[in-house]
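S.K.: Just to be clear, the model below is a prediction. Sequence and coordinates:
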Amino acid sequence: MALLLLLLLFTVSAVSADEGAFIGVNIGTDLSDMPNPTQVVALLKSQQIRHIRLFDADRAMLLALANSGIRVTVSVPNNELLGVGQSNATAANWVARNVVAHVPATNITAIAVGSEVLTTLPNAAPILVSAMKFIYSALVASNLDKQVKVSTPHSSSIILDSFPPSQAFFNRSWDPVMVPLLKFLQSSGSPLMLNVYPYYDYMQSNDVIPLDYALFRPLPPNKEAVDSNTLLHYTNVFDAVVDAAYFAMAYLNFTNVPIIVLESGWPSKGDSSEPDATLENANTYNSNLIRHVLNNTGTPKHPGIVVSTYIYELYNEDSKPGPVSEKNWGLFDANGVPVYIMHLTGSGVVLANDTTNQTYCTAREGADPKMLQAALDWACGPGKVDCAPLVQGQPCYEPDNVASHASYAFDTYYHKMGMGSGTCYFNGVAAVTTSDPSHGSCIFPGSGGRNGTFINGTTFAPSSNSTVAGSAQRFHVDVRSYVAMGILVWIAVFL
């Protein structure tokens with residue numbers, strides 16, 4: 001059983017500099033074994049996720065979200081866009097069925113009209129603004145226009161010459177759409193929704209964009225990207241893309257439309273052509289993204305102006321077509337087990353903490369046996385764990401399998417290290433639980449004789465000047481390299 005991921009506690013909207021940012025999560029449904037709505041909401045509650053985006057307006061899901069307090073962005077799918085954009089009555093009916101019928105019990109706060117319409121459904125572009133206006137008119141008629149914002153998410157590819165950001169502009173062929181669209185957003189007080197994927201920018205850059213720059217890893221000042229027109233320094237792709245959107249709007253004389261990033265993330269697995277779609281990179285990107293957003297740092301162009309962001313996505317979508325990476329953007333598997341443990345402390349945010357101290361570190365369910373064996377070898381060797389109880393005839397020898405033995409070794413190391421942040425990672429094959437794994441005469445360290453449930457455990461990926469104590473936060477097992485060292489070190493790789 002695995003540690004459940006605590007994500008986010010911020011519940012305020014971000015449309016001005018004096019309001020705090022939030023992190024939300026997208027919920028896709030292309031799973032062969034999609035959890036039912038009640039299970040989804042239970043996971044959201046257990047992780048204190050307060051903002052979500054649905055790719056539709058599924059009635060069962062909206063009913064399950066009732067009285068949860070979770071803020072919901074619902075979507076008009078692209079296959080419904082033409083009907084909504086061509087008929088005021090159709091739009092009003094859509095709002096009646098999918099919004100009015102559910103509020104206020106379900107806290108719907110935004111409607112995303114279509115998805116990346118300009119780039120994926122260009123034939124519908126001429127009716128996009130009409131669809132947004134029709135939806136908005138229906139909200140006004142229901143007195144919901146102040147509570148529910150209306151916008152449409154764009155791919156960042158509609159921005160041309162995005163670096164330096166000060167030279168960016170929207171594809172001019174879309175001016176007949178973008179100008180009235182921005183006027184609508186401005187008049188209705190709605191944000192520009194933008195999908196920002198540094199992973200794709202990095203993959204398509206032919207090695208021009210360094211991996212560290214895409215992952216928010218710290219860069220020495222002389223390696224930062226500098227906009228020669230503004231002399232603004234950029235330390236990550238995310239900020240550069242967001243500022244490019246700000247400059248592109250300013251090019252069209254719109255300077256007061258806020259930006260919200262509706263999708264951003266990093267895949268945890270890819271095929272042979274996607275070597276940087278890894279658990280480590282996904283963890284690094286999303287952990288650093290969360291820290292960056294929640295610290296309210298804004299961007300170089302607009303410091304302090306928050307850019308709230310929705311992570312893509314809650315679940316791995318194993319039924320999604322396309323390359324391997326398309327199926328592996330999730331934070332969780334369908335059964336609610338985290339794909340990796342997010343690293344979140346150190347952000348200045350007060351997060352929920354376990355207060356029982358009855359926590360244990362065990363082998364992650366379904367972990368690769370070879371990786372477990374390597375981690376077990378490390379723990380009993382350089383990790384200096386007393387593995388004598390695992391010898392034949394001793395209390396913890398049975399059951400004689402690598403998962404059981406690894407669990408004992410992992411838990412011993414975890415408690416020896418004071419249950420410190422990140423000391424139960426072991427290259428992703430270990431997880432923290434409050435269920436006591438002791439059995440028979442095999443008593444695990446920290447056992448209080450009680451069984452429990454999963455807990456939340458998080459820690460931010462350390463920066464390059466982290467202490468050795470903090471370096472355990474990103475512990476990865478590599479027997480060949482760590483045997484000689486005998487200590488845990490996390491190294492930020494500079495250019």
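M.R.: Thanks, I have the structure now. Residues are numbered from 1 along each chain as shown.

S.K.: What segments of the stretch 151-300 of the chain are helices?
M.R.: When assigned using DSSP state H, counting those that start in this stretch, the helices of the stretch 151-300 of the chain occupy the ranges 175-188, 198-203, 211-214, 237-251, 279-294.

S.K.: For these, give me TSV that also has mean neighbour count, mean pLDDT and distance to D56.
M.R.: All C-beta spots, glycine's among them, are computed from the backbone N, C-alpha and C. Shown next, in TSV, are the helices of the stretch 151-300 of the chain (neighbours: other C-beta atoms under 10 Å; pLDDT from 0 to 100; distance: least, C-beta to C-beta, whole Å):
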stretch	mean neighbour count	mean pLDDT	distance to D56
helix 175-188	17	97	22
helix 198-203	21	94	24
helix 211-214	20	92	30
helix 237-251	24	96	26
helix 279-294	23	90	24
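
S.K.: Hmm, V103 is touching N143, no?
M.R.: No. Under the criterion of C-beta atoms under 8 Å, V103 is not in contact with N143, lying 10.4 Å apart.

S.K.: Of those two, which one has the most company?
M.R.: Legend: neighbour count by other C-beta atoms under 10 Å for V103 and N143, higher for V103 (17 against 9).

S.K.: roughly how far apart are the residue nearest to that one when sequence neighbours are not counted and Y136?
M.R.: Nearest residue to V103, sequence neighbours excluded (C-beta to C-beta, 6 or more residues apart in numbering): L144, at 6.7 Å. To Y136, L144 is 10 Å away according to C-beta to C-beta, to the nearest Å.

S.K.: neighbour count winner among these two?
M.R.: Y136 (23 against 18).

S.K.: residues in contact with that one?
M.R.: By C-beta atoms under 8 Å, 6 or more residues apart in numbering, the residues touching Y136 are 145, 150, 184, 188.

S.K.: Surely the last one touches V148?
M.R.: No. Proximity of S188 to V148 does not meet the contact threshold set by C-beta under 8 Å, at 10.2 Å.

S.K.: Can you check the distance spanned by stretch 191-207, start to finish?
M.R.: Stretch 191-207 stretches 33 Å from its first residue to its last (C-alpha to C-alpha, to the nearest Å).

S.K.: and what of stretch 117-134?
M.R.: 17 Å.

S.K.: How about residues contacting it?
M.R.: By C-beta under 8 Å, 6+ apart, the residues outside stretch 117-134 that reach it are 76, 78, 81-82, 84-88, 90-92, 113-114, 150-152, 154-155, 157-158, 171, 174, 176-177, 180-181, 184.

S.K.: Could you check that stretch and say which residues are buried?
M.R.: Of all the residues in stretch 117-134, those buried under the rule 16 or more other C-beta atoms under 10 Å are 117-119, 121, 124-125, 127-134.

S.K.: Give me the distance from that stretch to the chain's centre.
M.R.: A distance of 28 Å separates the centroid of the chain from that of stretch 117-134, by C-alpha atoms, centre = their mean, to the nearest Å.

S.K.: try stretch 45-52
M.R.: Distance, centroid of stretch 45-52 to centroid of chain: 12 Å (C-alpha atoms, centre = their mean).

S.K.: Check stretch 165-180 too.
M.R.: Worked out by C-alpha atoms, centre = their mean, stretch 165-180 lies 28 Å from the chain centre.

S.K.: Then stretch 396-406?
M.R.: Computed by C-alpha atoms, centre = their mean, the chain-centroid distance of stretch 396-406 equals 34 Å.

S.K.: same deal with stretch 159-177?
M.R.: 27 Å.

S.K.: can you count the residues close to T235?
M.R.: Neighbours of T235 under the rule other C-beta under 10 Å: 19.

S.K.: List phi and psi for it.
M.R.: Per-residue torsions, T235: phi -110, psi 0 (degrees, to the nearest 10).

S.K.: for T109, same thing?
M.R.: Backbone torsions of T109, given as degrees, to the nearest 10, read phi -120, psi -10.

S.K.: tilt between the strand or helix carrying V140 and helix 175-188?
M.R.: Here V140 sits within helix 128-141, counting by DSSP states H and E. For helix 128-141 against helix 175-188, the angle by axes from the mean of the first three to the mean of the last three C-alpha atoms, to 10 degrees is 20 degrees.

S.K.: Now helix 128-141: average pLDDT?
M.R.: Throughout helix 128-141, pLDDT has a mean value of 97.

S.K.: and the helices of the stretch 151-300 of the chain as TSV, adding distance to D386?
M.R.: Shown next, in TSV, are the helices of the stretch 151-300 of the chain (distance: least, C-beta to C-beta, whole Å):
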stretch	distance to D386
helix 175-188	62
helix 198-203	42
helix 211-214	39
helix 237-251	45
helix 279-294	29
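
S.K.: That'll do, ta.
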